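Asks: Build me a structure from this.
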Amino acid sequence: MQRLISQLGALALSLLLATGLGGCVSTSLPAASASPWQPVDIHTKSNPLDLAFSDGQHGFLVGSNRLILETNDGGASWQERALDLPAEENFRLISIDFSGDEGWIVGQPGLLLHSTDAGQSWSRLFLDTKLPGEPYLVTALGRSTAELATNVGAVYRTSDAGNSWQAEVEDAAGSVRDLRRGSDGQYISVSSLGNFFATWNPGEPVWTPHQRVSSQRLQSMGFQPNGNLWMLARGAQLRFNADASNPEEWSKPVVPITNGYGYLDMAWDPNGTIWTGGGSGTLLSSADGGKTWTRDPVGAQQPTNFSHIAFLPDGKGFVLGERGSLLRWVG
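Replies: Below you'll find the predicted structure:
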């Protein structure tokens, strides 16, 4: 009997400790009193993946199932466009960029499109069948000049409008789940399994691999406005790097909320506020460098997973989500 009482007492103590410790973990956040975001109906259930503008008002949004939409009012409304592509091929348009009237789109499988008239017409450029990996990211760099990166970290550049491409790195990074380009031409990638990341700077012959800083697998990484790095990992962990030249040094993990949903992207708005988004309408912001966070009320109403947050140099901003979800920054 004494043994049974002792066991019951230990169980009660365990439950008490679990309850007490559980109270130290935040499972909710205060909602902001107002939202700087406005939902935009783009009349599709396809997933928007990227967008770019040829000027302040005119731009395109691309995504899954050959999705391409055009705007002439800064993103307040969008109209469906058609591309002259084989009807039997279901392309996933994954990246778009403009430099003035010259635009580029890359998609999977093996798609590269080029425009010289602000997207009024698009020409398909056929890629070498020996290209390592599938097109993943395109960056317009000026007249007839662009950079193309693939989902294995191969980086190519053209200076003749895509007629020929020169390899910028001798060896690919391996299969990646996320790849970003910094403003100075540097790249950062996350391996497909999320167990390490790699960096590459212009002029270096190969990628430099780096081990992740915790047991949590990496989700995505990118560049802060000042050029330093940020990191999102499983378990809803955020980390910040204070010196991009030392990608081994990271802050302690920041976990804004443990609601069971991870984060997929991070960006800084024109006011310096940090935004991060992820599963089930999770859209959070921090105006103090990540110390405290609030939940966006408009984002919380969207039945989607937010996959991409984009703030453009002219102050426009968008949040892209699955199943045709799009939010527009109204400040």
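Asks: got the contact list for residue 160?
Replies: By CB atoms under 8 Å, 6 or more residues apart in numbering, the contact list for residue 160 reads residue 144. Backbone N, C-alpha and C define where each C-beta goes, glycine included.
Asks: My reading is that it lies in a helix. Confirm?
Replies: No: assigned with DSSP: H, G, I helix; E, B strand; the rest coil, residue 160 falls outside any helix and is coil.
Asks: Model confidence at it, what's the number?
Replies: Residue 160 is assigned 97 on the pLDDT scale.
Asks: What distance do you get for it to residue 101?
Replies: For residue 160, the distance to residue 101 (CB to CB, to the nearest Å) stands at 17 Å.
Asks: repeat for residue 244
Replies: With CB to CB as the criterion, residue 244 and residue 101 are 32 Å apart.
Asks: Neighbour count: the two, which is higher?
Replies: Between residue 244 and residue 101, residue 244 has the larger neighbour count (other CB atoms under 10 Å), namely 18 against 15.
Asks: Verify the contact between the more buried one and residue 227 for me.
Replies: Yes: look at residue 244 against residue 227 with CB atoms under 8 Å: they come within range, at 5.1 Å.
Asks: which residues do these two both contact?
Replies: Residues touching both residue 244 and residue 227 by CB under 8 Å, 6+ apart: residue 182.
Asks: Only alpha carbons, please: show stretch 222-231 as PDB.
Replies: Presented in PDB, the C-alpha positions along stretch 222-231 are these (Å, rounded to 0.1, in the frame of the first residue of the first chain):
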ATOM      1  CA  GLY A 222      17.900  34.300 -46.300                       C
ATOM      2  CA  PHE A 223      19.400  37.700 -46.000                       C
ATOM      3  CA  GLN A 224      18.500  40.500 -43.700                       C
ATOM      4  CA  PRO A 225      18.300  44.100 -45.100                       C
ATOM      5  CA  ASN A 226      21.800  44.800 -43.800                       C
ATOM      6  CA  GLY A 227      23.200  41.700 -45.500                       C
ATOM      7  CA  ASN A 228      23.400  39.400 -42.500                       C
ATOM      8  CA  LEU A 229      21.600  36.100 -42.400                       C
ATOM      9  CA  TRP A 230      18.400  34.700 -40.900                       C
ATOM     10  CA  MET A 231      17.400  31.100 -40.300                       C
END
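Asks: Please work out how many residues are found near residue 236.
Replies: 24.
Asks: Let me see the contact set for the nearest residue to residue 126 once chain neighbours are set aside.
Replies: Nearest residue to residue 126, sequence neighbours excluded (CB to CB, 6 or more residues apart in numbering): residue 112, at 7.7 Å. Counting by CB under 8 Å, 6+ apart, residue 112 makes contact with 104, 105, 106, 124, 125, 126, 127, 135, 138, 148, 162.
Asks: Next: residue 232.
Replies: 218, 219, 220, 221, 238, 262, 263, 264, 265, 266, 276.
Asks: which SS state does it fall under?
Replies: Strictly by three-state DSSP, residue 232 counts as strand.
Asks: So that it lines up with my notes, have the first residue be 5 from now on.
Replies: Yes, from this point I'll number from 5; that puts the last item at residue 236.
Asks: For it, give me the pLDDT.
Replies: Residue 236 is assigned 98 on the pLDDT scale.
Asks: Please name the bridge partners of it.
Replies: As for beta bridges, residue 236 partners with residue 224, residue 242 under DSSP bridges.
Asks: any idea how far it lies from residue 226?
Replies: Per CB to CB, residue 236 is found 9 Å from residue 226.
Asks: where do the contact lists of the two overlap?
Replies: By CB under 8 Å, 6+ apart, residue 236 and residue 226 have these common neighbours: 269, 270.
Asks: Of the contacts of residue 116, which is the nearest to residue 204?
Replies: Using CB to CB, the shortest approach to residue 204 within these belongs to residue 152, at 14.1 Å.
Asks: Just confirm the closest one contacts residue 159, I think it does.
Replies: Yes: with contact defined as CB under 8 Å, residue 152 reaches residue 159; the gap is 7.4 Å.
Asks: Since that was my last question, I'll sign off now.
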